[in-house]
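>>> sequence unknown, structure follows:
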């Protein structure tokens, strides 16, 4: 079940102390589980073709491979147009280059702030459910399981990107490729620790249910 998005709020960078706390949470993950962590820096210069938007943003994506839960957090500000769509595109023909079709829900992740120039969003999704993908992506991949595999493969090889489309830039005002993060760094969004805590709770609940 999708968690309601947080109300819009300005972007806040992560402090070094919280980054160390997040690293500790990663190290505490149970045996047999793995948190796949990705981040992206959003900018107009990353669009293809590039634009001169002063907008900026950050994306955090954490996937729990035990529960197939995907936690997404986005912060953005300074857009010239108002938001109309936001989603993950996958998979480009070459890493960190080019354009690709939309892999996640259209026109946006449910509850993503619309009609604004700054805001933030946080939600989690079950990658085993068809409605958490673009139907065309599922069809092209031959089913939900294959769609999940393709998305994870695209994230792993740097061929998936997060894009925010606006009224002035319908093809995308700011975007950034999602790249793997082994250890949280100061550039990751402020609620990273909350995201990992939510995933940890989800994992513990799944483990408890399995052993009950």
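Looks like it arrived, so ask away. As the structure is a computational prediction, the values presented were derived from the model and not from experiment.
>>> Would you mind identifying the next helix or strand past the strand or helix carrying residue 123?
Residue 123 is part of strand 119-126 when elements are defined by DSSP states H and E. The first helix or strand that comes after strand 119-126 along the chain, using DSSP H and E, is helix 135-141.
>>> Show the subsequent helix or strand relative to that following helix.
helix 144-156.
>>> what angle do that next one and strand 119-126 make?
130 degrees (axes from the mean of the first three to the mean of the last three CA atoms, to 10 degrees).
>>> contacting residues around helix 144-156?
36, 38, 61, 63, 68, 88, 90-92, 100, 103, 127-130, 133, 137-138, 141, 160, 178, 180 (CB atoms under 8 Å, 6 or more residues apart in numbering). Using the backbone N, CA and C atoms, a C-beta is placed for each residue, glycine as well.
>>> Just the buried residues of the residues you listed.
Buried residues within those, counting neighbours by 16 or more other CB atoms under 10 Å: 38, 61, 63, 88, 90-92, 100, 103, 127, 133, 137-138, 141, 160, 178.
>>> buried ones in stretch 108-126?
Quick answer for stretch 108-126 (16+ other CB under 10 Å): 108-109, 112-113, 117-125.
>>> picking that back up, of all the buried ones among the contacts of helix 144-156, which two lie farthest apart?
38 and 138 (21.0 Å; CB to CB).
>>> how near is the closest residue to residue 44 other than its chain neighbours to residue 111?
Leaving aside its sequence neighbours, residue 44 sits nearest to residue 53 (CB to CB, 6 or more residues apart in numbering; 3.4 Å). In this view, residue 53 and residue 111 are 24 Å apart by CB to CB, to the nearest Å.
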